[in-house]
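Asker: Generate coordinates for the sequence data below:
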Amino acid sequence: MKLSFFVCLFLLSFTGTYSQEINARGKILDELNSEVPFASIVFKSDTSEDKVFGVLSEEDGSFSIVLSKDLYTLEITVVGLQSTIIAIDLTSAGQTYDFGNILLKSVSLDEVIVKNRNSSYKLNLDKKEYKVSGDLFSKGGTLSDVIQNVPSVQIDATGLLSLRGSSDIIVLLNGKPSGLTSSADLLRSIPASSIDKIEVITNPSGKYVAQGSAGIINIVLKKGKTKGFNGSVEIFGGYRLNAGSNININGANEKSSWFINSGIGYSEPIGKNSVELNNFETFPNRTFQNSVRIRKQLYGLVNIGGSYDITKNHSLSGSVTYRKANANNDNSTFYNDFDDNLLLTSSERLEDETEKNDFLQGEINYSIEMDTLGQVINLGVNGQFTKNNENSEIMENSSFPEKTFLNTDRTMRAEENRRFLLSADYELPLKGNHKMELGYLGSFKQVENDFEVITGTGNEFIAIPEFTNSTEFQESIHSFYVQFGKKYEKIAYQLSLRSELTDIELNTQNETVEIDKNFTDWFPSALINYNPNDDEEYRLSFTRRIWRPSSFIFLPFSSYTDERNIFVGDPNINPSYTFGSELGYSYKISNSLSLTPTLYFRNTEDEVEFFVEKRIITINGEQREVFASTLTNIGTYTAYGLELRVSYKPTNWWDIYFESTFNGFTQIGSVRGASFNGKGVLIYGRLNHTINLSKKLKLQWQNNYRGPIETGQYRRKGIYSMNMGLNYDIFKGNGALTINVIDVLNSNIRKVTSFGSDFTRDFERQFRVRQINLSLSYRFDPKSKTKQGNQYDKNEIIN
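Answerer: Below you'll find the predicted structure:
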């Protein structure tokens, strides 16, 4: 911290040398008020042909450039959009000139036409952006319905998220760690209508957290942007039972903005599992297992926030998010044990589970523009609290050879998760279109987990000591970064270095696991962008990333729902490190066709994989054979591939989006004698059609494919699924009636075969059966009052 403070003081001492210059700044937005990153912004002097100054907009659409007083022609070009030309007089400007928000929108034919051809997908080279407003499949749904449509993101039949075949990703909520205990909690508890957009960054710079070797998914909730008062209301219902409503309102004026997003819903999705086990050395030698899970969940979300300009150079923003989810789950598991084809026993485990989940997050951000040259300090404080309580009663009965009550197990888990974040970021524009950034992020996390299993055959219960414990987990990460960039007319580069100091402690009450680890890591990154013309863009990047195990992975146990198949933690697991590089190219072939291929390479040391083995464990003093799954370090993993994205509009009523990933991999490693050596190719594909059947009726048809894979210990079959949606505009275009069908063919089923020296295990899981939703929405969105000036050539400038 002291080092960063003195570096800032040192850099501030140079600001006086630029007192005669003008700092021109602004922000580029599109029709949907979304930021336009990496737009080419060129100032050409009208008095001297030699005076040409260029800059690219930042990831948030903002730009800042130091100019001399003169008459200029401003040219704004964006890949996939038509060029915009603005005449501007800076001869009498002060030390700063603020364009405000430059809104590029469609106008009449005699004006500049700037229009994004596909309102849902925004395919920039550094990140992909998905606008939720145009997604028919998300109507009446949650984040889990939205995320499966996001470029480069896959969600499998178990609800597991992955990027280009890797599940090592970090999910952020409004740019900060979500604070929720699992991605599943996040996916099913945030209403889709509260989400503005989802950003995917596959090769982040050092400015971002280093966690997540495959990349970052950032969930951006709706906020007040447009002047005036506007919002939307939605009610929905569906089969399987799914009902609720969402209200989103926001407003803004010259100095402030505010927003309220709220939603409540009830759903009863069904999930299914099946297992076929063949034992080669133990008895019984064949087992068939089937499970059905009905999750009855009531959830609600409230997100309130806003911003206020205290003075011209000081602004304050903040938000509070509260999420509550209660669930009553019915889980049924049936076992049939065979000796070859002879049925030996049949039994069932019936679980009645209750869950209560509370999540509270508050954040405050303070921004200071220190002078007219674009120096900015951003300070942030973020606090998160999550509380989970799960209680289950599991009854086990025998149905063959005779009907017998066996026993009752009761499980109790209470977890509290606290996280506190401190951030400070400093931006210093330098002469000659240079820019330096410094920053600090402190993350302090504490998790308390109590887990207990008791068993009995009547009114008397005793604890199972092997599945009863209390755990405390503490993690603190101090992160520092420095980033330097230079922008020319057609070329921009960026170099960054991030350092993270990590301290992890884990203690259990019965002292079965004690962990105390400290390590310091360095994460360099480099980026080069080249724009030869308005229609082409190249990007080359390199970065180093880390995967850190969470507290859940260290714990020796987690669930007792299925006593024959359990997950166990690995207290000896270590972080894995990934070097990644990307070479991307974007080409607007015509007004109706654009192409974006990306080559990528990732090499991971201490790769983490699921390892399944037969174990003899002690449960309440009795030895039992179980199949234990654990995450553990297995060796090295190298991935290389091509990601291809195509946007095509064959007619004015038909939009096609195609995305495919060809991911080659080589894996070398072993765990306790089991080989994980393997290589192959993973294929992912997505084909979306958006068809305007009439002026009011729109059809969306989505096809998803996830190819098969085989590694050293398991083999997974390919998966194809299809979604469809229809939207009909009502209330003079201010409302919409939408129906969607998720997993039309009921085919989104994960099928995996695991094998060892003495067993094979066929496993199938369907995260959710086919779902049909119907929603009615209405938006009140009066025209915003915007300032227009003749010098801006009829492009809106919103201050």
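Asker: C-alpha from now on. contacts and neighbour counts both.
Answerer: Fine.
Asker: Helices of the stretch 651-799 of the chain, start to end?
Answerer: Remark: no helices are assigned in the stretch 651-799 of the chain by DSSP state H, counting those that start in this stretch.
Asker: for the chain, same thing?
Answerer: Secondary structure of the chain (DSSP state H): helices at 2-12, 143-147, 183-189, 551-554.
Asker: CA atoms only: put the shortest one into CSV for me.
Answerer: Think helix 551-554. Provided in CSV are the C-alpha atoms of helix 551-554 (Å, rounded to 0.1, in the frame of the first residue of the first chain):
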residue,chain,number,x,y,z
SER,A,551,-13.1,-24.2,1.1
PHE,A,552,-15.6,-26.8,-0.2
ILE,A,553,-12.8,-28.7,-2.0
PHE,A,554,-10.7,-29.0,1.2
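Asker: got the contact list for it?
Answerer: With contact meaning CA atoms under 8 Å, 6 or more residues apart in numbering, helix 551-554 is reached by 447, 473, 506, 558, 568-573, 631.
Asker: let's see it at 7 Å
Answerer: Helix 551-554 is contacted from outside by 473, 569-571, using CA atoms under 7 Å, 6 or more residues apart in numbering.
Asker: Show me what counts as buried in it.
Answerer: In terms of neighbour count (16 or more other CA atoms under 10 Å), helix 551-554 has its buried residues at 551-554.
Asker: tell me the mean pLDDT over that helix?
Answerer: For helix 551-554, mean pLDDT rounds to 80.
Asker: repeat for the longest one
Answerer: Confidence over helix 2-12, taken as the mean pLDDT, stands at 42.
Asker: how far away is the closest residue in space to Leu583 that isn't next to it in sequence from Ala492?
Answerer: In space, Leu583 comes closest to Leu540 once its chain neighbours are excluded; the distance is 4.6 Å by CA to CA, 6 or more residues apart in numbering. For Leu540, the distance to Ala492 equals 11 Å [CA to CA, to the nearest Å].
Asker: Pull up the overlap in contacts between those two.
Answerer: Residues touching both Leu540 and Ala492 (CA under 7 Å, 6+ apart) are 528-529.
Asker: so Pro191 touches Val146, yeah?
Answerer: No. Using CA atoms under 7 Å as the test, Pro191 is too far from Val146 to be in contact (9.6 Å).
Asker: Between these two, point out the one with more neighbours.
Answerer: Pro191 (28 against 24; other CA atoms under 10 Å).
Asker: Just give me the closest of the buried residues of helix 551-554 to Glu643.
Answerer: Taking CA to CA as the measure, Glu643 lies nearest Ile553 of the buried residues of helix 551-554, at 31.0 Å.
Asker: Number of residues surrounding Phe519?
Answerer: When neighbours are defined as other CA under 10 Å, Phe519 has 10 of them.
Asker: Could you dump the buried residues of helix 551-554 into JSON lines with distance to Ile170 added?
Answerer: Converted to JSON lines, the buried residues of helix 551-554 look like this (distance: CA to CA, whole Å):
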{"residue": "Ser551", "distance to Ile170": "15"}
{"residue": "Phe552", "distance to Ile170": "15"}
{"residue": "Ile553", "distance to Ile170": "16"}
{"residue": "Phe554", "distance to Ile170": "18"}
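Asker: returning to that earlier point: show the contacting residues for the residue nearest to Leu583.
Answerer: Taking CA under 7 Å, 6+ apart as the contact definition, Leu540 lies against 527-529, 582-584.
Asker: does the closest residue to Asp98 other than its chain neighbours have beta-bridge partners, and which?
Answerer: Spatially, and ignoring its direct neighbours in sequence, Asp98 is nearest to Arg25 (5.1 Å; CA to CA, 6+ apart). Note on Arg25: beta-bridge partners by DSSP bridges are Ser64, Asp98.
Asker: again with Lys588
Answerer: Under DSSP bridges, the beta-bridge partners of Lys588 are Ser594.
Asker: swap in Glu710?
Answerer: Beta-bridge partners, per DSSP bridges, of Glu710: Arg715.
Asker: I'd guessed it sits against Gly718; true?
Answerer: No. Counting by CA under 7 Å, Glu710 sits too far from Gly718 to count as a contact (10.7 Å).
Asker: intersection of neighbour lists for these two?
Answerer: By CA under 7 Å, 6+ apart, no residue touches both Glu710 and Gly718.
Asker: about what we covered before: for the residue nearest to Leu583, name its beta-bridge partners.
Answerer: Counting by DSSP bridges, Leu540 is bridged to Ile528, Leu583.
Asker: Could you do Arg779 as well?
Answerer: Beta-bridge partners, per DSSP bridges, of Arg779: Ser232.
Asker: How many neighbouring residues does Thr282 have?
Answerer: 11.
Asker: Need the phi and psi values for it.
Answerer: Note on Thr282: backbone dihedrals following degrees, to the nearest 10 are phi -120, psi 170.
Asker: There's contact between Arg240 and Pro269 in this structure, I believe.
Answerer: Yes. Between Arg240 and Pro269 there is a contact under CA under 7 Å: 6.2 Å.
Asker: So which of those two has more stuff around it?
Answerer: Counting neighbours by other CA under 10 Å for Arg240 and for Pro269 shows that Pro269 has the greater number, 19 against 16.
Asker: shouldn't that one be in contact with Arg293?
Answerer: No. Assessed by CA under 7 Å, Pro269 is found out of contact with Arg293, at 8.3 Å.
Asker: on that earlier part again, can you pick the most crowded of the contacts of helix 551-554?
Answerer: Sorting the contacts of helix 551-554 by how many neighbours each has (other CA under 10 Å) puts Phe473 first, at 21 neighbours.
Asker: can you count the residues close to Glu448?
Answerer: Using other CA under 10 Å, Glu448 has 19 other residues around it.
Asker: For it, report the pLDDT, please.
Answerer: Reported pLDDT for Glu448: 93.
Asker: so who does the closest residue to it other than its chain neighbours touch?
Answerer: Closest residue to Glu448 apart from its sequence neighbours, by CA to CA, 6+ apart: Glu472 at 4.7 Å. Counting by CA under 7 Å, 6+ apart, Glu472 touches 447-449, 506-508.
Asker: Where does the prediction get shaky in the stretch 51-200 of the chain?
Answerer: The stretch 51-200 of the chain contains residues with pLDDT under 70 at 59, 79-83, 105-121, 123-126, 156-159, 178-186, 188-189.
Asker: As a check, name the ranges of all strands in it.
Answerer: Along the stretch 51-200 of the chain, counting by DSSP state E, counting those that start in this stretch, strands occupy 52-56, 62-67, 71-77, 84-89, 96-103, 121-123, 128-131, 153-155, 161-163, 169-173, 176-177, 195-201.
Asker: I'd like these as JSON lines, with mean neighbour count appended.
Answerer: Shown next, in JSON lines, are the strands of the stretch 51-200 of the chain (neighbours: other CA atoms under 10 Å):
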{"stretch": "strand 52-56", "mean neighbour count": "23"}
{"stretch": "strand 62-67", "mean neighbour count": "24"}
{"stretch": "strand 71-77", "mean neighbour count": "19"}
{"stretch": "strand 84-89", "mean neighbour count": "17"}
{"stretch": "strand 96-103", "mean neighbour count": "18"}
{"stretch": "strand 121-123", "mean neighbour count": "20"}
{"stretch": "strand 128-131", "mean neighbour count": "20"}
{"stretch": "strand 153-155", "mean neighbour count": "21"}
{"stretch": "strand 161-163", "mean neighbour count": "22"}
{"stretch": "strand 169-173", "mean neighbour count": "20"}
{"stretch": "strand 176-177", "mean neighbour count": "16"}
{"stretch": "strand 195-201", "mean neighbour count": "21"}
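Asker: Turn the ones you listed into CSV, including distance to Thr455.
Answerer: Converted to CSV, the strands of the stretch 51-200 of the chain look like this (distance: least, CA to CA, whole Å):
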stretch, distance to Thr455
strand 52-56, 65
strand 62-67, 61
strand 71-77, 69
strand 84-89, 72
strand 96-103, 64
strand 121-123, 53
strand 128-131, 49
strand 153-155, 36
strand 161-163, 35
strand 169-173, 38
strand 176-177, 38
strand 195-201, 44
